[in-house]
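1. Sequence unavailable; structure follows:
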DNA sequence: TCGCTATCGAGACTCTGTCTCGATAGACTG
DNA sequence: CAGTCTATCGAGACAGAGTCTCGATAGCGA
Ligand SMILES: [Zn+2]
Ligand SMILES: [Zn+2]
Ligand SMILES: [Zn+2]
Ligand SMILES: [Zn+2]
């Protein structure tokens, strides 16, 4: 898999220095981070980068389909550099970890009659391997 | 299926006049509404009801498991009076409609090794029956 | 090189949701 | 019924996430 910067270039997005810094910061983590998490990371590369720039860059990345976003109720939106490969997410109730789950079945066949689904986001809730072992 | 008010009573929640008004307002719609959507509906029953009261009441309802919540990126949390029966959601890209989808398969078996899943929320994206027919 | 346009940065602004705190309403006791 | 104890209420201040405005800048094509 190419880097996020390469995939964004390939998608035709104009890659400025700021967007490159933000894409590198996002790609450098396997976590699922928020925009405000990313700001200090991006500033490590370009100190004068603005907060609005991060939001606008992430929106542009999402529009290309190379970056995913998902939201849990009551939490800020998280961005996912791994959207080139479709996958689902498992969220640990105990520690909050978000784990990528490879896609097995196609889930769009679950759509009701008449609904034309092009994608589906599944979020599993439970205990991750580390937390399940403990008798909380 | 009993009304939401009845189900909340059965779950042992203290049902004040305000909570009853909010539960009736929520139950009276088949849509998936936000807390602030609900405020005027609740005030139609009890005019002096406060905004914080609606938020706190909804949080209490969710804690009983009789009301569901789900979030789309960039949108306020929506509340679902129909959580007594587990179901998924289909969201129309074009008109924004949120449609209940009866559960078919159990999806928790998709969890990765070691992860103990107790529930899964699936959100399908696409076009609803009304919007799919049109050549937008 | 010139100019057009998308992007940038700063900060004000909006919106969603939470917290504080004094007042109130119930439940429970006797 | 009166007293007490506690959960809930309402108002408004507050906080966090995200957007908008607008003048400045940088990249791209001609
Ligand atoms: Zn965990
Ligand atoms: Zn992911
Ligand atoms: Zn539609
Ligand atoms: Zn629903």
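-> That came in fine, so what should we check first? Bear in mind that the values here come from a model prediction, so they are computed numbers and not experimental data. Ligands and ions are numbered 1, 2, ... in the order given.

2. Which element is encountered next along the chain beyond the helix or strand where residue A:88 lies?
-> Secondary structure from DSSP states H and E places residue A:88 in strand A:87-92. Following strand A:87-92 in sequence order, the next helix or strand is strand A:98-102 (DSSP H and E).

3. If you count neighbours, what's buried in that following strand?
-> Within strand A:98-102, the residues that count as buried by 16 or more other Cβ atoms under 10 Å in any protein chain shown are A:98, A:99, A:101. C-beta coordinates here come from the backbone N, C-alpha and C atoms, glycine included.

4. Do any residues in it lie close to ligand 1?
-> No. Figure legend: strand A:98-102 not in contact with ligand 1 (Cβ under 5 Å from the ion); closest approach 8.9 Å.

5. rewinding a little: okay, now the sheet partners of the strand holding residue A:88, with direction.
-> Using DSSP bridges, the strands paired with strand A:87-92 in its sheet are strand A:98-102 (antiparallel), strand A:116-127 (parallel).

6. Please list the residues outside the next helix or strand after the last one that contact it.
-> Stepping forward along the backbone from strand A:116-127, the first helix or strand reached (DSSP H and E) is helix A:129-132. For helix A:129-132, the surrounding residues in contact (Cβ atoms under 8 Å, 6 or more residues apart in numbering or on different chains) are A:92, A:93, A:94, A:95, A:97, A:126, B:113, B:114, B:115, B:116.

7. What mean pLDDT does helix A:129-132 get?
-> Averaging pLDDT along helix A:129-132 yields 90.

8. How far does it sit from its chain's centre?
-> 23 Å (Cα atoms, centre = their mean, to the nearest Å).

9. does that helix come close to ligand 1?
-> Yes. Interface with ligand 1: helix A:129-132 contributes residue A:131 (Cβ under 5 Å from the ion).

10. Mind listing what's buried along that helix?
-> residue A:131.

11. Ok, stretch A:109-116 next?
-> Buried residues in stretch A:109-116, defined by neighbour count with 16+ other Cβ under 10 Å: A:110, A:111, A:115, A:116.

12. related to what we said a few turns ago, okay if I get the buried residues of strand A:98-102 as JSON lines plus distance to residue A:34 and pLDDT?
-> Below are those laid out as JSON lines (distance: Cβ to Cβ, whole Å; pLDDT from 0 to 100):
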{"residue": "A:98", "distance to residue A:34": "11", "pLDDT": "93"}
{"residue": "A:99", "distance to residue A:34": "17", "pLDDT": "92"}
{"residue": "A:101", "distance to residue A:34": "20", "pLDDT": "92"}
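
13. Of the residues you listed, just say which sits nearest to residue A:39.
-> Closest approach between the buried residues of strand A:98-102 and residue A:39, by Cβ to Cβ: residue A:98, at 19.5 Å.

14. Neighbours of residue A:94, how many?
-> Using other Cβ atoms under 10 Å in any protein chain shown, the number of residues around residue A:94 comes to 13.

15. Could you measure from it over to residue B:115?
-> Using Cβ to Cβ, to the nearest Å, one gets 11 Å for the distance from residue A:94 to residue B:115.

16. intersection of neighbour lists for the two?
-> Joint contacts of residue A:94 and residue B:115 (Cβ under 8 Å, 6+ apart) are A:127, A:128.

17. element containing residue A:54, please.
-> Applying DSSP H and E as the criterion places residue A:54 in helix A:51-64.

18. what pLDDT does the closest residue in space to residue A:118 that isn't next to it in sequence get?
-> Leaving aside its chain neighbours, residue A:118 sits nearest to residue B:126 (4.9 Å; criterion: Cβ to Cβ, 6 or more residues apart in numbering or on different chains). Note on residue B:126: pLDDT of 94.

19. With adjacent residues omitted, what lies nearest to the most centrally placed residue in chain A?
-> Chain A has residue A:80 as the residue nearest its centroid, 1.3 Å off, counting by Cα atoms, centre = their mean. With Cβ to Cβ, 6+ apart as the criterion, residue A:80 has its nearest non-adjacent residue at 3.9 Å, and that residue is residue A:68.
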